[in-house]
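Engineer: Predicted model and sequence follow; I will ask about them next.
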Amino acid sequence: MQHWQQGWVAFTTILTKEIRRFTRIWAQTLLPPAITMTLYFVIFGHLIGSRIGEMGGFRYIDYIVPGLIMMSVITNSYSNVVSSFFSTKFQRSIEELMVAPVSPHVILLGYTFGGVARGLAVGLIVTLTSLFFTKLHVQHIWLTILVVFFTSLVFSLGGFINAVFARTFDDISIVPTFVLTPLTYLGGVFYSINLLPPFWHAVSQVNPILHMVNAFRYGILGVSDIPIATALIIMAIFTVALYSVSYWLLVRGTGMRQ
């Protein structure tokens, strides 16, 4: 019982530190996504969307809102963990944490749930911002919450792995720039994959972000280009796989020294 209490105290301490970290500098972490998404809503939703017309039976701005919310959740969940954990390595405070009587599970969950907290906070801010431009009628509330939670968890774990292998501050931007951003923009945020030729339609199926975006869109609008069960299975697989890899790296101490 005492072991569980110590673990809980350590977890809440790390989580509280992570939440205070991004809320203390809210002008750099929470405000920019709201401004960026406002520009997306104005430019793509109204200016370009009015020329495109309907997509999937909905106004274009209504169709892209779920994708834009997910894009902000993915980006912020990932960036929070990768920057925070790398800073801990860079300052060498990770060494104190590693020798403390704290389970690697507690350390990993503390940092990843900090990323989840920022991802969900930004997702909520973007959702509230979208209400100035359109009306959202959530069709499946529990599915929506489940999808956004596991999406932020998956990319928080991805950010942790990136931070483990990063050697310099430049390294933490490589994956977001060359992997995360292309996959996000090709993940059905701005379009339905049913518009793609057969070859590219098939290629898009291997993009995990496509499944997450469509599952979230189904939760809000009730439409999806892919089976929801498939999307949930893929999210579960990525969660287990990335958590296992992160835990293994943490136990081995891989990349913990600068």
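Structural biologist: Looks like it came in fine.
Engineer: hey, let's count contacts and neighbours off CA atoms from now on
Structural biologist: OK.
Engineer: Hmm, Phe85 is touching Gly110, no?
Structural biologist: No. Phe85 lies out of contact with Gly110 (Cα atoms under 8 Å); the separation is 10.7 Å.
Engineer: Low-confidence ranges, this structure, go.
Structural biologist: 1-3, 254-258 (pLDDT under 70).
Engineer: how about the helices of it, start to end?
Structural biologist: 2-24, 26-29, 31-40, 49-52, 60-90, 94-99, 104-130, 141-165, 174-175, 181-185, 198-204, 208-221, 228-252 (DSSP state H).
Engineer: now the last one against helix 208-221, angle please.
Structural biologist: Relative orientation of helix 228-252 and helix 208-221, computed by axes from the mean of the first three to the mean of the last three Cα atoms, to 10 degrees: 130 degrees.
Engineer: Kindly report the same for the longest one.
Structural biologist: Relative orientation of helix 60-90 versus helix 208-221 (the same axes, to 10 degrees): 130 degrees.
Engineer: Residues contacting stretch 129-144, please?
Structural biologist: 34, 37-38, 41, 61-62, 65, 215-216, 218-222 (Cα atoms under 8 Å, 6 or more residues apart in numbering).
Engineer: Recalculate using a threshold of 6 Å.
Structural biologist: 216, 219-220, 222 (Cα atoms under 6 Å, 6 or more residues apart in numbering).
Engineer: which ones are touching Gly45?
Structural biologist: Ile61.
Engineer: and if we set it to 10 Å?
Structural biologist: Gly45 is in contact with 38-39, 51-52, 59-65, 133-134, 190, counting by Cα atoms under 10 Å, 6 or more residues apart in numbering.
Engineer: now swap in Trp4 and tell me
Structural biologist: Taking Cα under 10 Å, 6+ apart as the test, what Trp4 contacts is Ala10.
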